[in-house]
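>>> Any chance you can model this:
(chains A and B)
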There are 2 protein chains.
Amino acid sequence: MVVELISVGTEILLGNIVNTNAAYLSEKCAGLGLSCYHQSVVGDNEGRLEETLRLALKRSDIVILSGGLGPTKDDLTKEVTAKVFGKTLYEDAHTKERIAGFFSQMRSGQITENNWKQAMVPEGARIVDNHNGTAPGLIIEENGKTAILLPGPPNEIKPMFERDIVPYLNNLVPEGIYSKMVKLCSIGESKAETLVSDLLEGQTNPTIAPYAKTGEVHFRITARAADEKEADRLIEPVIRYMYRVFGDKIFATSEEVTLEDAVVELLEEKGLTLTTAESCTAGLLAGRIMNVAGASKVYNEGYITYSNEAKERLLGVKHETLERFGAVSAETAAQMAEGAAKAANASASVSVTGIAGPDGGTGEKPVGLVYVGCQVNGKIRTEEFMFTGNRAKNREYAVVRALTVLWEQLMEA
Amino acid sequence: MVVELISVGTEILLGNIVNTNAAYLSEKCAGLGLSCYHQSVVGDNEGRLEETLRLALKRSDIVILSGGLGPTKDDLTKEVTAKVFGKTLYEDAHTKERIAGFFSQMRSGQITENNWKQAMVPEGARIVDNHNGTAPGLIIEENGKTAILLPGPPNEIKPMFERDIVPYLNNLVPEGIYSKMVKLCSIGESKAETLVSDLLEGQTNPTIAPYAKTGEVHFRITARAADEKEADRLIEPVIRYMYRVFGDKIFATSEEVTLEDAVVELLEEKGLTLTTAESCTAGLLAGRIMNVAGASKVYNEGYITYSNEAKERLLGVKHETLERFGAVSAETAAQMAEGAAKAANASASVSVTGIAGPDGGTGEKPVGLVYVGCQVNGKIRTEEFMFTGNRAKNREYAVVRALTVLWEQLMEA
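Model prediction:
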């Protein structure tokens, strides 16, 4: 079964946004055992979109279109697809009601006439409710060809794909495709791949594919099997092998579990509470930990201490430490972690202090230098990192490294 | 002059990597005044690559191919392009020497026989030296059609493009393209478009295109002109018109300026300092404000107060307020903002308290209910919002709305 992606949007052609949807959809389709040989991007232009869609339908079984389902007349994906399939559009009462409900929930939102355009759907199309926006997803089947229309915003397309499109596609693939993700932190991609290179090359069922994420390495293990039980029988030995090779570097063996999920789960398991003290990351670390629903069980408060004065007053960092070693130092990171734990009455704490850039670097302490402090049950550890990205990237890496140090400390606790 | 992009690489089709090269090249080409109507991704497959390239050359003047120039036999971009243009390959002595020199510089690098494949170039092609890798760039011109072949790694393609391809393309474009971005907050996309619908339709030079971002609306105004001065003459009246329509909702008229940039700039301009008090966003608001390099001039510290006890102890929220109105209430948001300003000795403050979900909602206070408190120079304001996304989206929107309320208060201060 061959799938093909068409991303619709002038903003992609202009380079205003990076096409992360295509990467997301490709990865998902590969995981479902679908072959993808082509991706295209086309603007909100009737003629070009029609031509691109016709070509895609000629060479692939399933065409997934994303974007161009908005309320303005620029948005043409639905209209062009209906034309190609020879369908007329009608106003779907259920979708209209859902859109009205969506707006009524937003106390500040105001419905405008063009919003009703999103309730128009092609006859015979399967309608997929959008739980995070107004544009519905649509599945149109005809003569063995399928077009799947999905909204462009990542926060709409992803939950819709997981919830409704994955089961739909799964039904189309004769043999089941089952996959598990093994997620590692505190190891580089090259090293991780080298350690399991035999496994990566030799295997055909299951196959093993590496993915590098910021500060993490993921291996997707994919099996073709008659049912989940048989798939487990194929996948489990690989996971056991990976545990022998990587040990505690594995923080999850499931697609959904993030590093912050793993950290929060460990905190709960060990009956610990956490606090954070951040300088250069300024809340991003706490913000990421609190992505985890229910993390309030282990986290009550945190501190953003940008100025030295705040580090002293809120966290009790010693004035002479700042004078002697500087705000960006292992000594300050340690005192930030200790002080935060004391102030918040928490049994675990993690701190970040560094130079995110672009300014503030010196010969001795260049941009990208970051210290992480971590304290679990009174045991303190500090780590020095040297990142080479821009301000945003350095802060992002600092967050992941802080989570990784915390994960390691919690595993030992 | 129409340009088209072909990205070659199975790793993009599998979703292993995000196609950032396409975004980079698109933005660069748009800036050079080239129109880009199509982007494609195709794997390292001879037949499909040939078909894709032939189609691209039929409909566009310039085709930029990236990737597939590596030393292995998987890499076919050069071979297929030479075939399509009817050229044979020869070994280029200069390139062979450059590759040998590249390896002799890398202390750990070892040259293998297949590396010499990269010294093979199509007859008549212009060779572009790669200063960061082995594969040369290539420009092939014939019958008014041009293929530009560039290496895939971002650290090779970007410097090569800046240094050699930009000047080459610049020579081809008669008129320059200039654009400005008008960015709005506190207005929805549909409403914003409706208010300037005449403008969106009527204009051909400059053209005006809307972009919806989370909680923001952007309009790109693009003019074709002989020089920047003429472009300004075309663009300025549109910006003045937008100011008349949207007034203070416009926070920037430049591509680079973000909402947090605008907020930090206003704080500096008015000589104010800021602090933050966050419950459900747990640091994301502060983290976003501190994206701004140099924001430390206006921001010293912030508070993450998840628990009620932390709200009382760190921010001085009254126990009876929490008892009577609850942690998610306008009253609590107001006291959080007031208390944070006092604790941090800041002249401006912004607070967020809400129910991000998925749990914690009640009939009276459902998931998505968020209160923002904002205090500038002692004047306090609270706003109620009702978001309809998942946990991540509700928190993201809460951050943007808090920034928007702060922006509005600062404009009035």
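
>>> wait, what's in contact with the residue of the stretch 201-350 of chain A found nearest chain B?
Of all residues in the stretch 201-350 of chain A, residue A:283 sits closest to chain B, at 2.7 Å by Cβ to the nearest Cβ. (C-beta placed from N, C-alpha, C; glycine too.) Shown in contact with residue A:283 (Cβ atoms under 8 Å, 6 or more residues apart in numbering or on different chains): A:302, A:304, B:276, B:278, B:282-287, B:290, B:302, B:304.

>>> Need the phi and psi values for the residue of chain A most remote from its centre.
Seen from the C-alpha centroid of chain A, the residue lying at the greatest distance (Cα atoms, centre = their mean) is residue A:320, 41.6 Å away. With angles defined as degrees, to the nearest 10, residue A:320 sits at phi -70, psi -30.

>>> and if you look at the one 10 residues further on?
Summarising the backbone geometry of residue A:330 under the convention degrees, to the nearest 10, its torsions are phi -60, psi -40.

>>> Then residue A:238?
In terms of degrees, to the nearest 10, the main-chain angles of residue A:238 are phi -70, psi -40.

>>> any idea of the pLDDT on it?
Note for residue A:238: predicted pLDDT of 95.

>>> wait, it sits on residue A:221?
Yes. Counting by Cβ atoms under 8 Å, residue A:238 touches residue A:221, with 5.1 Å between them.

>>> If you count surrounding residues, which of those two has more?
A count of neighbours by other Cβ atoms under 10 Å in any protein chain shown puts residue A:221 above the other of residue A:238 and residue A:221, at 23 against 20.

>>> Assign that one to helix, strand or coil.
Assigned state for residue A:221: strand (three-state reduction, DSSP: H, G, I helix; E, B strand; the rest coil).

>>> give the contact list for the closest residue to residue A:301 other than its chain neighbours.
Using Cβ to Cβ, 6 or more residues apart in numbering or on different chains and skipping residues adjacent in sequence, the residue nearest residue A:301 is residue B:310, 3.6 Å away. With contact taken as Cβ under 8 Å, 6+ apart, residue B:310 is in contact with A:300, A:301, A:344, B:303, B:304.

>>> Turn those residues into JSON lines, including pLDDT, secondary structure and distance to residue A:52.
Below are the contacts of residue B:310 laid out as JSON lines (pLDDT from 0 to 100; DSSP: H, G, I helix; E, B strand; the rest coil; distance: Cβ to Cβ, whole Å):
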{"residue": "A:300", "pLDDT": "97", "secondary structure": "coil", "distance to residue A:52": "53"}
{"residue": "A:301", "pLDDT": "98", "secondary structure": "strand", "distance to residue A:52": "53"}
{"residue": "A:344", "pLDDT": "97", "secondary structure": "helix", "distance to residue A:52": "55"}
{"residue": "B:303", "pLDDT": "98", "secondary structure": "strand", "distance to residue A:52": "51"}
{"residue": "B:304", "pLDDT": "98", "secondary structure": "strand", "distance to residue A:52": "47"}
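
>>> Turn those residues into TSV, columns for distance to residue B:54.
Listed next are the contacts of residue B:310 as TSV, based on distance: Cβ to Cβ, whole Å:
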residue	distance to residue B:54
A:300	63
A:301	62
A:344	65
B:303	61
B:304	57
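
>>> Of the residues you listed, which is the most crowded?
Highest count within those by other Cβ under 10 Å belongs to residue B:304, 31 neighbours.

>>> quick check, nearest of the contacts of residue B:310 to residue B:34?
Using Cβ to Cβ, residue B:304 comes nearest to residue B:34 of the contacts of residue B:310, at 46.9 Å.

>>> pretty sure the closest one is in contact with residue A:302, am I right?
Yes. Judged on Cβ under 8 Å, residue B:304 makes contact with residue A:302 at a distance of 3.6 Å.

>>> before we move on, the earlier item: could you pull out the residues contacting both of residue A:238 and residue A:221?
By Cβ under 8 Å, 6+ apart, residue A:238 and residue A:221 have these common neighbours: A:206, A:208.
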